[in-house]
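Enquirer: I'd like to go over a predicted model; first the sequence, then the structure.
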Amino acid sequence: MGKLFGTDGVRGVAGKDLTCELTLHIGRGTAKVLTELAQGHRPKILIGKDTRVSGDMLETALAAGLCSVGADVELLGVIPTPGVAHLVRKYEADAGIMISASHNPMEFNGIKIFKGDGYKLPDEVENEIESYVLNDGAGIELSSGADIGRVHRMENAVDDYADYLYQHIDADLTGLNVLFDCANGASAAVAQKLFPRLGCQCGFIGTLDDGVSVNDGCGSTHLEAMEKAVREGGYDCGFAFDGDADRCLACDEKGQELDGDKIIALVACDMKERGRLDGNTAVVTVMSNLGFMKYMESQGITTARTAVGDRYVLEEMRAKGYAIGGEQSGHVILLHHATTGDGELTAGKVLKMLARKRSQNPATCMSELNAVYTKYPQVLLNLVADKAQKAAYKDDEYIAGYIESQQQNLMGMGRVLVRVSGTEPKIRVMVEGQDQEAIQQSADRIAEMIRQRIPGVE
């Protein structure tokens, strides 16, 4: 078995890749490492989950593994990932674990772990846990008798998290009419408590909790339903979360998308106006659009770029003391308020900004904010590839040379980025530039070359 932890925890098809046995060992490995770090007290571990049908199964296996090594477990139930990151601090736990595969289809699930300070585990701690898991728990002493951990259910977790969001958004949204797409995921219970309380008129879609509909034709990966409903329903804007609500995308009253780049640009500029943009910098990834980069430069805001993955964005923010960062896909980290991406917090802050601008000019609409810059055309092709095929791609120098030749063909008027996904079985081909036809042809050529060189890639 290879490396378990990717850029966002452990991921796989539940029951096939992410089995009960593997999850049990992850629980034991986590308890073993955290017990050593707990300095003499019994560790307390929180577990949250999204709405996937496999969540109950994995929650049970994970709790069993943790308790078998002497850790106590607090079950939070269905709650967004950033809710776990917040509550691990509020409840003074040693760690928090989220069971979710984020934006992936329902058959997938995953496990991500937060330290007691609400930040994701550093690589060295993940590696230590992984070493126990890959050795089937060798070296872990199992508890017995009164030393076995106990399981408790936290009935107020959603309310406590909604209260935290309400306090940190700190806005009166009266007069706004907003549609929220909860992706049939973990955000539904929180969003339906939070946003009406903030004063806006609300509509909600994607609120099923049936275990199988998460991210299915809805949420931040499928904006069409929200965009149509916003146009037809006369809403001022719409926000779509993913399955675990650590990201969000938006649309204006015309149903036109605001991606993560647009959201970061708007919020960063608003923060600068109010003297809240620490370091006068926003942190983004190499996927951010060239239009975004040029706009930020025109506003006198520095941009720092990292590898793809919100953990790399967060590392840069913490190292340099920056306040905002995120990804084009909708992860936005507001470090003054949260330790991880939070879709509902982000939506609240954007709506607060819109309400503030409307108080200055009642005619202000979201489409006006959406027009702050023009995106460069971008083509993104996702090739299906397993771990072996991903590795073959990384080792193929001929493909690397071919990609470089396609970059040169754009003659400084665009860029090429090809990378393997850290969370999905995909190789992503992105080409960006001013000429739509040229970038489409370049992306198609690269994808075809990868298929020819690596058998089985689709």
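Expert: Now that the structure is in, tell me what you want to look at. Residues are numbered from 1 along each chain as shown.
Enquirer: Please, where are all the helices along the stretch 1-150 of the chain?
Expert: Assigned by DSSP state H, counting those that start in this stretch, the stretch 1-150 of the chain shows helices spanning 20-37, 55-68, 81-90, 123-134.
Enquirer: now the ones you listed in TSV, with mean neighbour count and distance to A171?
Expert: For the C-beta atoms, the positions are set from N, CA and C on the backbone; glycine is no exception. Formatted as TSV, the helices of the stretch 1-150 of the chain follow (neighbours: other C-beta atoms under 10 Å; distance: least, C-beta to C-beta, whole Å):
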stretch	mean neighbour count	distance to A171
helix 20-37	22	37
helix 55-68	22	32
helix 81-90	27	18
helix 123-134	17	37
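Enquirer: so which of these comes closest to P425?
Expert: Smallest distance to P425 across these (C-beta to C-beta): 17.5 Å, for helix 20-37.
Enquirer: got the residue ranges for the strands in the stretch 151-300 of the chain?
Expert: Using DSSP state E, counting those that start in this stretch, the strands found in the stretch 151-300 of the chain span residues 151-153, 177-181, 201-205, 237-241, 248-252, 257-258, 281-285.
Enquirer: Quick check: chain neighbours aside, which residue is closest to K112?
Expert: Spatial nearest neighbour of K112, chain neighbours left out: G9 (3.2 Å); criterion: C-beta to C-beta, 6 or more residues apart in numbering.
Enquirer: For the one you found, the count of nearby residues, please.
Expert: 25 (other C-beta atoms under 10 Å).
Enquirer: try H336
Expert: Using other C-beta under 10 Å, H336 has 10 neighbouring residues.
Enquirer: What is the burial count for the nearest residue to it once chain neighbours are set aside?
Expert: Of all residues not flanking H336 in the chain, A323 sits nearest, at 5.5 Å (C-beta to C-beta, 6+ apart). A323 has 21 neighbours, counted by other C-beta under 10 Å.
Enquirer: Would you check that G15 makes contact with V53?
Expert: No. Counting by C-beta atoms under 8 Å, G15 stays clear of V53, with 10.0 Å between them.
Enquirer: about what we covered before: what distance do you get for the residue nearest to K112 to T423?
Expert: 9 Å (C-beta to C-beta, to the nearest Å).
Enquirer: could you give the mean pLDDT of stretch 247-255?
Expert: Stretch 247-255 carries an average pLDDT of 98.
Enquirer: start to end distance for it?
Expert: Between the start and the finish of stretch 247-255 there is a gap of 19 Å, counting by C-alpha to C-alpha, to the nearest Å.
Enquirer: hmm, who's touching it?
Expert: Stretch 247-255 has contacts (C-beta atoms under 8 Å, 6 or more residues apart in numbering) with 102-103, 220, 223, 226-228, 230-231, 234-242, 257-260, 262-263, 327, 329-332, 341, 343-344, 346-347, 350, 365-367, 369-370.
Enquirer: ok now that stretch, how far from the chain's centre?
Expert: 17 Å (C-alpha atoms, centre = their mean, to the nearest Å).
Enquirer: Would you indicate which residues of it are buried?
Expert: For stretch 247-255, burial by neighbour count (16 or more other C-beta atoms under 10 Å) applies to 247-253, 255.
Enquirer: Out of those residues, which comes closest to A191?
Expert: C248 (10.2 Å).
Enquirer: and that closest one, how far is that from Q408?
Expert: 37 Å.
Enquirer: Over to K112?
Expert: From K112 to Q408 the distance is 39 Å (C-beta to C-beta).
Enquirer: which one of those two has more residues nearby?
Expert: The residue with more neighbours, out of K112 and Q408, is K112; 27 against 10, by other C-beta under 10 Å.
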